[in-house]
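sequence unknown, structure follows:
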């Protein structure tokens, strides 16, 4: 994913920053504990498509 795109993307719920997952398949919002999928290089920024982070992911384990 283009780093410039990551600079301008924000969580659609809290408008906070997003971090790419280690495998680059998701964008993570720590504030809302959500992971938005990235499909074919395109982030899907819909709350209905996001998955909730588990406890270990929330704590960065």
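Looks like it arrived, so ask away. All values derive from a computational prediction rather than experimental measurement.

which ones are touching residue 19?
For residue 19, the contact set (C-beta atoms under 8 Å, 6 or more residues apart in numbering) comprises 27-28, 30. Any C-beta I mention is one placed from the backbone N, CA and C, and that applies to glycine too.

What about those residues, which one has the most neighbours?
residue 27 (25 neighbours; other C-beta atoms under 10 Å).

Tell me which residues of stretch 54-61 come out buried.
Using 16 or more other C-beta atoms under 10 Å as the test for burial, stretch 54-61 gives residue 57.

what do you get for stretch 16-28?
Buried residues in stretch 16-28 (16+ other C-beta under 10 Å): 18, 26-28.

Make JSON lines from those and add secondary structure to it.
Formatted as JSON lines, the buried residues of stretch 16-28 follow (DSSP: H, G, I helix; E, B strand; the rest coil):
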{"residue": "18", "secondary structure": "coil"}
{"residue": "26", "secondary structure": "strand"}
{"residue": "27", "secondary structure": "strand"}
{"residue": "28", "secondary structure": "strand"}
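
and which of these is nearest to residue 8?
Taking C-beta to C-beta as the measure, residue 8 sits nearest to residue 18 out of the buried residues of stretch 16-28, at 10.2 Å.

Contact partners for the closest residue to the closest one other than its chain neighbours?
The shortest distance from residue 18 to any non-neighbouring residue, by C-beta to C-beta, 6 or more residues apart in numbering, is to residue 27 (4.2 Å). The contact partners of residue 27, taken as C-beta under 8 Å, 6+ apart, are 6, 9, 18-21, 35-36, 38, 43, 45.
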